[in-house]
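Trainee: here you go, sequence then predicted model.
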Protein chains: 2
Amino acid sequence: MTTIKEDFEQEGCPAEGLLKLLSGKWKPQIFRLAVDGSVRFNSLLKKLPNSNKQSLSTALKELEEAKLLIRTIVKEKPLHIEYNLSKRGRALIPIFMDIEDLS
Amino acid sequence: MTTIKEDFEQEGCPAEGLLKLLSGKWKPQIFRLAVDGSVRFNSLLKKLPNSNKQSLSTALKELEEAKLLIRTIVKEKPLHIEYNLSKRGRALIPIFMDIEDLS
DNA sequence: TATAGTAGTCATGTTTTTTTGACTTATTGT
DNA sequence: ACAATAAGTCAAAAAAACATGACTACTATA
């Protein structure tokens, strides 16, 4: 168990890491789209016209590493990959709504 | 009144702007310290040993512009400047705590 | 066999953010 | 008058984030 003080000494502010992760370019948009249902690489690329493969690839990977998105290989018609919000990711939805209210 | 869809078309994700602002370097730490009471430029510089004047100056200015911090000239013993969380800034505290719980 | 769809990687280049160090301005203490 | 404290600014350099375009690998369809 860490105290708030210890957390602070570790990284300054306990929310810092997640905050930084979430604010990276395209990540809020990806998150927002994922709230509406599973997202796919090529359709993201179309829905976010100024984005690019590299950035989306990195963003998806980091969101997956943070356990906010789950990457699934779907063995169907055209074999493809889906990204879905994890339970942890869905727990973030009300937080985004609170931030939105303050915006 | 804007719908979620309209907001999305405007900036992709309604929470994006504030999220970006809050995640800038040193800002979470400044915010965290401000929760405990008013903060001052030179003492911030000492409490955040790897920071620097320029970055703190920019961060404080942006947090002030976002109406999260209030800058006050204190006409006392040694004339100085204090930064305090605004009402809006304090409204962010529970949000930071929620993010921390998820971290 | 060739073409298209899906999901990427890689090296490089550009842009944005952050840091450095010298300088400034006003007020206070000796 | 001189030095110290308080709160900065400015130009430039360094570092980190982001974008570009070419390329890869696999599957399916014509």
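Mentor: Right, received. Where do you want to start? Numbers count the residues shown, from 1 in each chain, chains lettered A, B, ... in the order given.

Trainee: what's near enough to touch the residue nearest the centre of chain A?
Mentor: Most central in chain A under Cα atoms, centre = their mean is A:L63, positioned 4.2 Å from the mean C-alpha point. By Cβ atoms under 8 Å, 6 or more residues apart in numbering or on different chains, the contact set of A:L63 is A:L21, A:K27, A:I30, A:F31, A:L69, A:Y83, A:G89. No exception for glycine: its C-beta is placed from N, CA and C like everyone else's.

Trainee: and which of the residues you listed is nearest chain B?
Mentor: Of all the contacts of A:L63, chain B sits closest to A:F31, with 6.6 Å by Cβ to the nearest Cβ.

Trainee: what is the burial count for the closest one?
Mentor: 25 (other Cβ atoms under 10 Å in any protein chain shown).

Trainee: which strand or helix spans it?
Mentor: Using DSSP states H and E, A:F31 maps to helix A:27-35.

Trainee: beyond that helix, next helix or strand please.
Mentor: Taking DSSP H and E, what comes next after helix A:27-35 is helix A:41-47.

Trainee: in that following helix, what's buried?
Mentor: For helix A:41-47, burial by neighbour count (16 or more other Cβ atoms under 10 Å in any protein chain shown) applies to A:L44.

Trainee: just the helices in chain A please.
Mentor: A:4-11, A:16-23, A:27-35, A:41-47, A:53-65, A:87-90, A:93-102 (DSSP state H).

Trainee: rewinding a little: near chain B too, which of the contacts of A:L63?
Mentor: Among the contacts of A:L63, proximity to chain B is found for A:F31 (Cβ under 8 Å from any Cβ of the partner chain).

Trainee: got the contacts of A:L63 as TSV, with distance to B:K47 columns?
Mentor: Shown next, in TSV, are these (distance: Cβ to Cβ, whole Å):
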residue	distance to B:K47
A:L21	24
A:K27	29
A:I30	35
A:F31	32
A:L69	36
A:Y83	40
A:G89	34
